[in-house]
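Q: Below are the sequence and a predicted model for it; my questions follow.
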Amino acid sequence: MAMRPFSSRDSICETGNGNNSNANGTGNVNGSVSGTGISITNSNSTSSTSSSNASRARTRTPSAHGRKLSKSRNLSTSTFDALTRRSSGYSGYSDDRRMSVAESVSAASSSSIDWKLQNVEGVAPLESDTQLLKTKTPYLVVTTDYVVKLKNHAHVLALFPQLSEGARPEPSSTVAEPLAVIPVAGIISVFVAESTRPSFGLEIWWKTLSGASFHHASFFFNLPTERDEQMHHIVCAMRSNNPDENEFNRRSVDVAELLQGIQDTEEPKFKHQKIEIFPVVPRGNTRRDCSAKPEDDSKKSLEGPAFYLAVGGHLCYLVEIQKGKGGNPICQHRTFGLVTLEKFKGDWTHHQERFNITFRDPFSTPVVLELASRYYRNIILTFGQADRFLKPAWPQMWQGLEIFRISGLKQLQSIISREDFGSVRRTLDAFLSAYRCNPVVWEINWRSKFAPEFRLLPAKDGSTYSALQILAVLRALRYNDYFNSLSFRDIDLAVLWHVEDNPTKLVNVAYLSRSCVTLDPDEVEILKISPVLHQEFHALAFCSETIRQIDFTNSSASYVARFRQSRQTSPSIQFIAPILNLLKSGITKCNRLILSRTALLRADIEEIAEILKHGSIQALDVSFCGLDDMDLRDMVVTPLLDHPQQLLQSLDVSGNPGRVPARILSEMIHNLVELRELNLCGSLQGDVAGPLIPVETLDRLQFLTELDISNFKLNLSTLVDLERFLSNRASKMDANEPASLHKLVLNNCGITGGQAARIFNAIGENHGMDLSISGNPIEDGVDDLAAAISKSRAPASLTMQMVEFRIESNYVLLIKSLTKTKYLSMLNLVGTAPNGPCSAETVRALEDFFAHNKSIQCLDLSGYCGKLDDGQLAKGFGRSLLGLIKNTTMTHFRIRNQNLHDDAGILGRVIRENRHLMVFDCQDNNLNLTSLQFLVSNLKHNTNIIEFPFSATERAAIWNNILSGLHRTSRTLSLPFSGSASAAAKHADKNPLKMQEKMLREVFNGQFGDLDIYLRRNRIALEESSGHELDFESPAADHRGPGGAPDDSWPALELKAMGVVPHGGQPHGHGGDMGRGGRATVRSSNIPFDTSLPEPYRVVAQHEGTESPTETLDPVSEISTPPLEKEIVAGLTDGEEVAFRRMMSEFKETGFGFS
């Protein structure tokens, strides 16, 4: 038998030996009874029908189906004539009962059936059989339980004498034997024959008792009305004959087990779920794909393969079952992702059981399954519910507009139980399964300015995500409306650059928003020919009603190489343009773009300049993008000067080689009244006659919270106006009035200690400023600065990194003033140290500072060691750390890169005796195994420290120190070995150095195992003692600061009431800063995968049928019928009522709700 080639998703398995293997193809064998009137495929042997069929026929009531022939009618002619003359021009049928499937039976021999007891539903002549006399016309008779073909009119009356009532019987000496008998209970589908013959035929498929093989027959009539009427009778008989169609799965046990095995192999995490199974009939191209070649019509007794459509958790399967050697069934299947469903075309109102399902994988041609089944309504509803379940946040009306083209079907409406975070895990896993991709790493960040934020994280193994993985994430986010911001930081989106996936239809083109805003035809045509990145980010920005910000930081790692390989005259990074186009039209809320470290090309710069002129963007970060003077002038300076009416709230142009003239800064930002964040670090050049930013401009910017003008030498006028502004701010705060500017960054601005003292005095006492003055000559005038700090006139958070003290006494003076301050809570002195050795006076000052300061909670006293500059405390200062034993205020302490290996004993003592520190970070101090053991052994006796970080880099450095010491020892003790090669190999196996290294590795790993145990113990104890849940987020290594440097921010340690996390829905303060800090960052690995529903897509059975899908809600819904809203609320608790009313409000806002 010729086999067609199978794709990579096709597979074959034989249940006889339980082995699974790839298949090269599949085949189908079709045989037919020769003749013009019928084309039929039969079993090798026909089994007799049990007597229960006859008894069932005797006891059937007249109400068994919609149209029943009554023998009591007064007929002027015979019943046979009435049946044969009945026109098929009826107005249709109305059967409110649901279609059902009963146990399959084979075609029975006529001798075992009492045909006199069969209720005849319809009789019609077929086309004359060319092998018979032309006067002998074959007939098709439809009874309650069988569809029968007879040779001629006489055989019809002989087999069914009840049809001769009122007419003269025709004498016949021959015994009437049916040419074909089809059990109605086993019929899978009946539909208009798709044949090239110029006749009016219908096709009937039925199954064997086991369900492992199918038969089919084609009947051709003289008139279309005769065909339509007989098909109507068959459909009515099918409905009345099978009381429960869902029982097919239970009764065909062998088939169900075979298909369940496919599900267990393809989707092992859904092993406990029962798949939905439907017998189907392939048609058209699908049948030709499954069949090797048409069989000879002379073959009369041939058993064909069985076909089933199975719906699993994320995938569905078209399964073909054939008999293999030894009678064991061989199963071939094709796999399709449920979320790749592109179109479902069918007819709901008529009894046409044909339908087409179109699937399309990305970058592939569509695959159309042309099928037919008596269970077509259940199949439609099942796929509809699966689509809703996997895309719960997608508006339901879009199902009918984009996917489900079902004639006569009311719009699919179902209530879906969602998971937390908008069910993003459910949708994303479905796309990854459909695209056959490995999982991706992501998190939900609740500490973002616009929380919750979905953040795609780099792969754990350091590899680059594939195009399909990125596409799966983008499309899963399209069907989700839960997040306020998205982050693709450090994700290389260039894998999709210039990749096109343009179908002829509009399935992947987002032309309609959730608020029912549509694009004009020209815009749609542009989208259809746009690359994938353009299409997908258009969909995210256009369809979402909540996304405010997208972070593209460092998302163009390989763009430059791709640009050079392309032949485009004006290349673009392709994901910015669609968002900017939507901003111009005012039809997106995504008006905050973080483009730091992104390779912006000229086309992108022009697009950004245009949107700034339009004035509809709120935040723009183009830091470290390699922009030159002309780029900054065209993209930022000119639009802001020429179009002053701006809504800009945040602007960051730091880290670029280009510069902005300092003299125009005041004019450029004067009218930015909505400005909140301005970062011009390293972006200013030139002289300015007066103040850089006059106090009048600062007062006008009443919403300004963060200002960074680092790396520009401030003149006296600027410092005077800044001092005036800070004094006014302090006065407002003393008067309980709102004040602006909470963070001021003045790094490398040439500020002396005396000038810094004036700024500190202007800030005032306990006014909560975050100030950074790193890299300034603070030692000049440090006396004034120390005096201000001693009086507690200082910010709440002070960063003073890389400040050199040539005179040790000046450093001591600063430390003493910091000891006395009362309101400074966070202090960063990284790299700030005196030159020369550490004297006893410095040690005493530091020890006193550690012991007696009562305000500082977070202290970073790390050293700095670079190629051009160093900033470390001299050897011997470690003795001062003993003061931490007495400290009762500090909770976070970081002291990296200070060469404390020799002071490990002091560190261990501090860890053992301090009872208030919660975070202790002493990495990069050249530790070895001995010092590590000492620290861990002391941590055993500390019950308060819950974070003691050792990064992968630090662990590798400690191990290298251990190996270095081991090798030095071995070189002094080893002796040369002389002998044969085999003896040398044996010697290597018993090499003491290797054995010692293995032993040390075990001890090394054991220390970190003990460390994790102690930290876990302390965290659990803290939660139990406080009755609160620990919301802990450490500063991960993948968090980056400006320019890509590791972020030195402190880990967040918060205690929150247990159980405050709502299940699903939006957080309090949705859409702004109110949501910050309310919940912990959640990694994807910590989000449980919910497979608790045993049958998530099962269609709920109705008593009166399934005439409208709105009567059948989703199986996971808590309600099975759509009662009035007040009836639902009456049965809910207070908490459930609040959640339900919120859900109803969301439904009504999008045009849905109960009438």
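A: Happy to help now that I have it.
Q: the longest helix in this structure is where?
A: helix 992-1026 (DSSP state H).
Q: Please state the mean pLDDT value computed over it.
A: Helix 992-1026 shows a mean pLDDT of 88.
Q: So which bits of it are buried?
A: 997, 1000, 1004, 1007, 1011, 1014-1015, 1018-1019, 1022 (16 or more other Cβ atoms under 10 Å). Every residue, glycine included, has its C-beta placed from N, CA and C.
Q: same check, this time on stretch 150-170
A: So stretch 150-170, judged by 16+ other Cβ under 10 Å, has buried residues 150-160, 162-164.
Q: Among those, which pair sits farthest apart?
A: Lys151 and Gln162 (19.0 Å; Cβ to Cβ).
Q: Low-confidence ranges, the stretch 151-300 of the chain, go.
A: For the stretch 151-300 of the chain, residues meeting the criterion pLDDT under 70 lie at 165-174, 241-251, 291-300.
Q: go with 50
A: 249-250, 292-300 (pLDDT under 50).
Q: Also the stretch 851-1000 of the chain?
A: 973-975, 977-978.
Q: swap in the stretch 1001-1150 of the chain?
A: For the stretch 1001-1150 of the chain, the ranges with pLDDT under 50 are 1034-1046, 1057-1077, 1101-1132, 1147-1148, 1150.
Q: out of the buried residues of stretch 150-170, who's nearest Asp631?
A: Leu150 (87.5 Å).
Q: Let me see the contact set for the closest one.
A: By Cβ atoms under 8 Å, 6 or more residues apart in numbering, the contact set of Leu150 is 138-141, 156, 159, 176, 178-179.
Q: Mind giving me the packing neighbours of the strand or helix carrying Ala539?
A: Applying DSSP states H and E as the criterion places Ala539 in helix 532-543. Helix 532-543 sits against helix 467-478, helix 521-528, strand 549-551, helix 577-585, with contacts defined as 3 or more Cβ pairs under 8 Å, 6 or more residues apart in numbering; DSSP states H and E.
Q: Nearest to Gln322, out of the ones you listed?
A: helix 467-478 (32.7 Å).
Q: now what about the closest one, what contacts it?
A: Contacts for helix 467-478 (Cβ under 8 Å, 6+ apart): 339, 362, 424, 427-428, 430-432, 434-438, 440, 442, 454, 456, 483, 486, 491, 493, 495-496, 499, 510, 532, 536-537, 539-540, 543.
Q: Pro521 - how many residues pack around it?
A: 9 (other Cβ atoms under 10 Å).
Q: cool, Lys854 as well?
A: Lys854 has 12 nearby residues by other Cβ under 10 Å.
Q: Apart from its neighbours in sequence, what residue is nearest it?
A: Residue nearest to Lys854 in three dimensions, not counting chain neighbours: Thr889, with 5.4 Å by Cβ to Cβ, 6 or more residues apart in numbering.
Q: wait, what's in contact with that neighbour?
A: Under the criterion of Cβ under 8 Å, 6+ apart, the neighbours of Thr889 are 853-857, 916.
Q: Find the helix or strand that it is a member of.
A: Judged by DSSP H and E, Thr889 forms part of no helix or strand.
Q: How much space separates it from Ala393?
A: For Thr889, the distance to Ala393 equals 47 Å [Cβ to Cβ, to the nearest Å].
Q: go on, Lys449?
A: From Lys449 to Ala393 the distance is 23 Å (Cβ to Cβ).
Q: what does Gln469 give?
A: Taken as Cβ to Cβ, the span from Gln469 to Ala393 is 21 Å.
Q: and if you look at Gly186?
A: 42 Å.
Q: for Gln645, same thing?
A: When Gln645 is compared with Ala393 (using Cβ to Cβ), they lie 36 Å apart.
Q: higher neighbour count, these two?
A: Ala393 (19 against 8).
Q: where's that one, which helix or strand?
A: Using DSSP H and E, no helix or strand contains Ala393.
Q: so it makes contact with Tyr479?
A: Yes - taking Cβ atoms under 8 Å as the definition, Ala393 is a contact partner of Tyr479 at 5.9 Å.
Q: what touches both of the two?
A: Thr427.
Q: Helix, strand, or coil at the spatially most central residue of the chain?
A: By Cα atoms, centre = their mean, the chain has its centre lying nearest to Leu428, at 2.6 Å. With DSSP: H, G, I helix; E, B strand; the rest coil as the basis, Leu428 sits in helix.
Q: which residues touch it?
A: Leu428 sits next to 440, 442, 472-473, 476 when contact means Cβ under 8 Å, 6+ apart.
Q: what do you get if the cut-off is 10 Å, keeping everything else the same?
A: 339, 390, 439-440, 442, 454, 472-473, 475-477, 479-480, 1084 (Cβ atoms under 10 Å, 6 or more residues apart in numbering).
Q: Now list the buried members of these.
A: 339, 390, 440, 442, 454, 472-473, 475-477, 479-480, 1084.
Q: for the spatially closest residue to Ile807 that is not a sequence neighbour, what are its contacts?
A: Using Cβ to Cβ, 6+ apart and skipping residues adjacent in sequence, the residue nearest Ile807 is Glu779, 7.0 Å away. By Cβ under 10 Å, 6+ apart, the residues touching Glu779 are 752-753, 785, 803-807, 810-811, 813-814, 834.
Q: Of the residues you listed, which count as buried by neighbour count?
A: By 16+ other Cβ under 10 Å, the contacts of Glu779 give 752-753, 785, 803-805, 810-811, 813-814, 834 as buried.
Q: can I get those in a markdown table with secondary structure and pLDDT?
A: Shown next, in a markdown table, are the buried ones among the contacts of Glu779 (DSSP: H, G, I helix; E, B strand; the rest coil; pLDDT from 0 to 100):
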| residue | secondary structure | pLDDT |
| --- | --- | --- |
| Thr752 | coil | 95 |
| Gly753 | helix | 94 |
| Leu785 | helix | 95 |
| Val803 | coil | 92 |
| Glu804 | strand | 89 |
| Phe805 | strand | 92 |
| Asn810 | helix | 93 |
| Tyr811 | helix | 94 |
| Leu813 | helix | 95 |
| Leu814 | helix | 95 |
| Pro834 | strand | 89 |
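Q: count of neighbours near Leu486?
A: Leu486, neighbours per other Cβ under 10 Å, totals 25.
Q: From Arg514, how far out is the closest residue to it other than its chain neighbours?
A: Leaving aside its sequence neighbours, Leu486 sits nearest to Ile550 (Cβ to Cβ, 6+ apart; 4.8 Å). Going from Ile550 to Arg514 by Cβ to Cβ gives 18 Å.
Q: Those two - which one has more neighbours?
A: Neighbours were counted for Ile550 and for Arg514 using other Cβ under 10 Å; Ile550 has more, 22 against 18.
Q: So that one is in contact with Phe575, correct?
A: Yes - at 8.6 Å, Ile550 counts as touching Phe575 under the criterion of Cβ atoms under 10 Å.
Q: okay, and the common contacts of these two?
A: 488, 537, 540-541, 593, 595.
Q: Need the buried ones from the residues you listed selected in PyMOL.
A: Here is the PyMOL command that selects the buried residues among the shared contacts of Ile550 and Phe575 (16+ other Cβ under 10 Å):
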select buried, resi 488+537+540+541+593+595
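Q: Among the shared contacts of Ile550 and Phe575, which one sits closest to Asp461?
A: The closest of the shared contacts of Ile550 and Phe575, once distances to Asp461 are taken by Cβ to Cβ, is Phe488, at 18.6 Å.
Q: any idea how far that closest one is from Ser572?
A: 17 Å.
Q: do Ile759 as well
A: 44 Å.
Q: and the gap between Asp699 and Glu677?
A: 18 Å.
Q: Please consider this matter closed, and thank you.
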